[in-house]
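Asker: One predicted model, sequence on top.
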Amino acid sequence: MLQISRDISRQVGLLINRRGVVEYVTVGEKERIEIPALSTDRVGRARFRGLRFVHTHLAGELLSKEDMTDLALLQLDLIACVTQRRGEPTELVHIGYLTPENRKGQVWDFMGPTPINEFELDFGGFIAELESEFLRERGRYYVTKAGTEGTILVIVVMPGRQKHVEERIMELKELSRSADLSVLDVVVQRPKDLHPRYLIGKGKIEELVIKSQQLGADVLMFDEELTPSQLHSISTITDLKVLDRNQLILDIFAAHARTAEAKIQVELAQLRYILPRLGQKDTALSRLTGGIGLRGPGETKLEVNRRRIREKIALLERKLEDVRGVRKRKRERRKQAAVPVVSIVGYTNSGKSTLLNLLTSSSVEVEDKPFSTLTPTSRLIKYPERKNIIVTDTVGFIEDLPKVLLRAFVATLEELEDATLLLHLVDISAPDFEERIQTVEVMLTNLNLSDKKQMLVFNKIDRVERSFVETMEVRYGAIAISCLTGEHIEHLVREIEMELDIVASASRVSPDSSANIFQP
């Protein structure tokens, strides 16, 4: 190889598989060489590429930083250069390989340089031991739930958003858990400026690829929204699944969609999200097209053209209009019967469905996960000596809810327009509960619902100190309850009735017109 390289004054490289078969021969320039595009398949227990790259250096130099970057990004079994230093008669071989995570922070190591005639390596034994070492280190510190993908969370702290980083990490972890992802590590980046192509810079992306190899991660999850070009660039350079927070929420919605209406809304949101990203790398959008759990917009694939996507969007919008029409007629019937409606709103996972079950003795499915409720659920609260009240549970809000989701769930959120009273439920045990209150209030303002009569209710008081609860009750004029223990629920019902009586008096609604037209 070295003699051929000298004859043509170009670097020559071989890609050799584990059977010892040369799969590629590549010729570069005098000072550099490019590795051709490789399959994304991995072989072996530690997900190495199953290829080793052997190439020549003409100026006597050893493996360079560029060589080691290729080793890491492509996850090669090893990389080697054959060279001869000026004035020395012996050709040398220099080998580099990746190492598991270690205390020294070392990500690769070397063998040599060694004279070729003295070099011996049992490659089969070497790669088997290296893979075993990777697996031992992963198993020592990291546990991946069976059937889930290992994920590295990337928290990008934007300029001017230095606060509440821990809360953002916890929320993204909860969202990942809801999507059946196993979080292996969290990386926090504080760039001075956002990179237009890679968001956090190519060097940082390369570090993430190395870390993913060490930990056995399959997914890079970004807390910030990625542009289509950033998504494409990062997935191209990493060969990993690359997701942002919006895609994660879309996936959770797809997993929790049970009714025909919810499925229409989710599919519509997914298609609107995919449309500007057509033609991007498949691995980046695989979770939207049948990835984990086969969740995605059904028969629609990335290869369909924009026209077909738009036609499907138009069809779904017409179906959603039909749904809105049905809901509108139901609301009109409720208005005619003058049955008051109490809608429970709040940040996701604040206990809205649990409160609905408690107030109405229902058995609506409850999960300790974000967005477990997508479709409004209405039940009748009726006590022996009290009038009928309809209680409605709605989809939870979240900070920076993707616009495509908010737009798709307009039919769901329209239920709030006819609510007599909005019950704003807050998880007071959340460290950032005050920011969550603000998030919900902003969402209600954006939906033109800020003028609705509201009642602030603190939930999960069994998890915090009572002195803190009492202070917050006074500060916010709220009612404190525990849906888990049932504490103060009777007090909440009395307060709801009092508020409804005030609203009814102001609206001059007769209390005798409460016919039971509710159909569970």
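Answerer: Arrived safely, thanks for sending. These numbers were taken from a predicted model, which means no experiment stands behind them.

Asker: Identify, by residue count, the longest helix of the chain.
Answerer: In the chain, assigned by DSSP state H, the helix with the most residues is helix 306-337.

Asker: For the closest residue to Ala478 other than its chain neighbours, give me the pLDDT.
Answerer: Nearest non-adjacent residue to Ala478, counting by C-beta to C-beta, 6 or more residues apart in numbering: Leu456, 4.1 Å away. Backbone N, C-alpha and C define where each C-beta goes, glycine included. We have a pLDDT of 94 for Leu456.

Asker: which residues sit against the one helix or strand Leu456 maps to?
Answerer: In this assignment (DSSP states H and E), Leu456 forms part of strand 454-459. With contacts defined as C-beta atoms under 8 Å, 6 or more residues apart in numbering, strand 454-459 is touched by 350-351, 355, 421-428, 437, 444, 469, 472-473, 476-483, 492, 495-496, 499.

Asker: and with 6 Å instead?
Answerer: Around strand 454-459, the neighbours that count as contacts under C-beta atoms under 6 Å, 6 or more residues apart in numbering are 351, 422-428, 476, 478-481, 483.

Asker: Could you do stretch 468-483 as well?
Answerer: Against stretch 468-483 from outside (C-beta under 6 Å, 6+ apart): 351, 354-355, 358, 456-459, 461-462, 488-489, 492, 495.

Asker: Now the two most distant members of these.
Answerer: Asp462 and Glu495 (19.5 Å; C-beta to C-beta).

Asker: Hmm, Gln11 and Gly28 touching each other?
Answerer: Yes. With contact defined as C-beta atoms under 6 Å, Gly28 counts as touching Gln11 (4.2 Å).

Asker: Between these two, point out the one with more neighbours.
Answerer: Neighbour tally, Gly28 and Gln11, criterion other C-beta atoms under 10 Å: the higher count belongs to Gln11, 21 against 16.

Asker: ok, now which ones touch that one?
Answerer: Gly28, Ile33, His55, Thr56.

Asker: go again using 10 Å as the cut-off
Answerer: By C-beta atoms under 10 Å, 6 or more residues apart in numbering, the residues touching Gln11 are 1, 5, 26-34, 55-58, 81.

Asker: from these, which is closest to Leu231?
Answerer: Relative to Leu231, the closest of the contacts of Gln11 is Glu34; by C-beta to C-beta it sits at 23.8 Å.

Asker: how far away is the closest one from Leu484?
Answerer: Separation of Glu34 from Leu484 (C-beta to C-beta, to the nearest Å): 60 Å.

Asker: How about Glu171?
Answerer: Using C-beta to C-beta, Glu171 is found at 21 Å from Leu484.

Asker: one step back: next SSE downstream of the strand holding Leu456?
Answerer: helix 466-476.

Asker: And that next one, what's buried?
Answerer: Under the neighbour-count criterion of 16 or more other C-beta atoms under 10 Å, helix 466-476 has Val469, Met472, Glu473, Tyr476 buried.

Asker: next one: stretch 87-106
Answerer: In stretch 87-106, counting by 16+ other C-beta under 10 Å, buried: Glu91, Leu92, Val93, His94, Ile95, Gly96, Tyr97, Leu98, Thr99, Pro100, Glu101.

Asker: Out of those residues, which sit inside strands?
Answerer: Among those, the ones falling in strands (DSSP state E) are Leu92, Val93, His94, Ile95, Gly96, Tyr97, Leu98.

Asker: Neighbour count: Glu171 and Leu484, which is higher?
Answerer: Applying other C-beta under 10 Å to Glu171 and Leu484 shows that Glu171 carries more neighbours, namely 22 against 14.

Asker: Now the more buried one: which helix or strand?
Answerer: Counting by DSSP H and E, Glu171 is part of helix 165-178.
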